[in-house]
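>>> give me the fold of what follows.
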Amino acid sequence: MIKPNVEDNLPEVLNRFRQMRNERKILQTIFDKISEDVNFQGLKLARRVLCVGPGNGEYDLEFIKRCVPKIDTLVAVEYNGNCLKELEKRCVECFNGTVKYRFYNSLFEDWVEDWTGNSSDEKFDVIIGLHVFYEMMPETRLKAFGGIFKKLLKESTGYFLFNSMSVDHLPGMCNIACEFEKHVQFTEDVVNVVALAQDMKSEVEQAGGMVVHSKDFITDVDCRDRHSDILALYRYCYSNVTEEIVEKMMKELVDGFGCFQISLFIAQKMLN
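Sure, this is the predicted structure:
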């Protein structure tokens, strides 16, 4: 789990790691299908978008470009200030001055607790949280979901896009996880997060939402000759990761390719 006190070059590490994956290409296809789906035509009228933990904003902006053509306001909450700077650059390129931005350098769970907007005009048509919520502790995540459905998301027309990620049922990746665990002292917090990631759908329901669409897919990770990139990523998570540990992990891969199983969800506020 990436901690809030990461070093200044996190944007570069994220960019390099995502270049190793084919997830963006897969998401582009999924987002195009969502845009054409008659059940989600309300997205074409959406104007206010909140991005939760967007990092550099790569995947969030792909969704907005394809599915939210009338956006006029974008609010982003991201704990890494350098990622926010990178996001701002991407927004300038993407929207060319047609969208108003507000960026908050904060953990989402802190920001949502302090948020005081009450009117329907201040709530959001779309909330995007990709690759962020499954990293939270369950009680923190449930609290964050509660804030989304009770305070932030519009009543009947709002959409919440989020995902979970797992290596369950993927033997090669499970072997990597086991090899990693031999060498790195996992905290109880991390174990809990991994164990409960698949329960995010039920947590959304507990918080007052309902999942109206889901899509499972597998994204490949090309790890060939990328040991230094993988080492850099894991060192943000666990300071005692070494080149030798990464080398042992990579030997579990077939032909240098790994993969993750991702579940993408769209939820709305549960009707009373």
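
>>> what's the end-to-end length of stretch 72-82?
24 Å (C-alpha to C-alpha, to the nearest Å).

>>> so which bits of that stretch are buried?
Using 16 or more other C-beta atoms under 10 Å as the test for burial, stretch 72-82 gives Leu74, Val75, Ala76, Val77, Glu78, Tyr79, Asn80, Asn82. (Each C-beta comes from the backbone N, C-alpha and C, glycine too.)

>>> how about the fifth one, nearest residue that isn't a chain neighbour?
What that stands for is Glu78. Leaving aside its sequence neighbours, Glu78 sits nearest to Leu84 (C-beta to C-beta, 6 or more residues apart in numbering; 5.1 Å).

>>> who are the contact partners of the one you found?
Listed by C-beta atoms under 8 Å, 6 or more residues apart in numbering, the contact partners of Leu84 are Ala76, Glu78, Phe103, Asn105.

>>> just the element for it, please.
helix 81-95 (DSSP states H and E).

>>> let me see the mean pLDDT of that helix.
In this model, helix 81-95 has a mean pLDDT of 93.

>>> which helix or strand lies directly C-terminal to it?
Scanning forward in sequence from helix 81-95 by DSSP H and E, the next helix or strand is strand 100-105.

>>> helix or strand right after that next one?
Per DSSP H and E, the first helix or strand lying C-terminal to strand 100-105 is helix 108-114.

>>> let's see the helix or strand following that next one as PDB, backbone CA atoms only.
Later in the chain than helix 108-114, the nearest helix or strand by DSSP H and E is strand 126-129. Backbone C-alpha positions of strand 126-129 (Å, rounded to 0.1, in the frame of the first residue of the first chain) are rendered in PDB as follows:
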ATOM      1  CA  VAL A 126     -20.000  11.800 -11.300                       C
ATOM      2  CA  ILE A 127     -17.400  10.600  -8.700                       C
ATOM      3  CA  ILE A 128     -14.400   8.600 -10.000                       C
ATOM      4  CA  GLY A 129     -12.200   6.600  -7.600                       C
END
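
>>> so what touches strand 126-129?
For strand 126-129, using C-beta under 8 Å, 6+ apart, the contacting residues are 43, 46, 48-54, 60, 63-64, 68, 108, 148, 152-153, 158-162.

>>> which of those fall within helices?
Among these, the members falling in helices (DSSP state H) are Asp60, Phe63, Ile64, Phe108.

>>> just give me the neighbour total for the third one.
The burial count assigned to Ile64 is 24, neighbours taken as other C-beta atoms under 10 Å.

>>> follow-up on the earlier one: can I get the contacts of Leu84 in TSV including distance to Glu139?
Shown next, in TSV, are the contacts of Leu84 (distance: C-beta to C-beta, whole Å):
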residue	distance to Glu139
Ala76	24
Glu78	22
Phe103	27
Asn105	24
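
>>> just flag the most distant two among these.
Within the contacts of Leu84, Ala76 and Asn105 form the most distant pair, 9.6 Å apart (C-beta to C-beta).

>>> using the centroid of the chain, identify the residue furthest from it.
Glu244 (29.2 Å; C-alpha atoms, centre = their mean).

>>> so where's the stretch 151-272 of the chain uncertain?
Residues of the stretch 151-272 of the chain meeting the criterion pLDDT under 70: 167-198, 226-241, 252, 254, 272.

>>> what ranges does it have for its strands?
For the stretch 151-272 of the chain, the strands defined by DSSP state E, counting those that start in this stretch occupy 159-166, 209-222, 257-269.

>>> quick check: which of those strands is buried the most?
strand 159-166 (a mean of 22; mean count of other C-beta atoms under 10 Å).

>>> for that strand, give me every contacting residue.
40, 42-43, 46, 63, 125-134, 148-149, 153, 197-198, 200, 204, 209, 260-268.

>>> cool, and stretch 214-225?
Residues outside stretch 214-225 that contact it (C-beta under 8 Å, 6+ apart) are 20-23, 26, 30, 170, 201, 230, 250, 253, 255-266.

>>> again, 6 Å this time
Contacting residues not belonging to stretch 214-225 are listed as 20-23, 26, 30, 250, 253, 256-265 [C-beta atoms under 6 Å, 6 or more residues apart in numbering].
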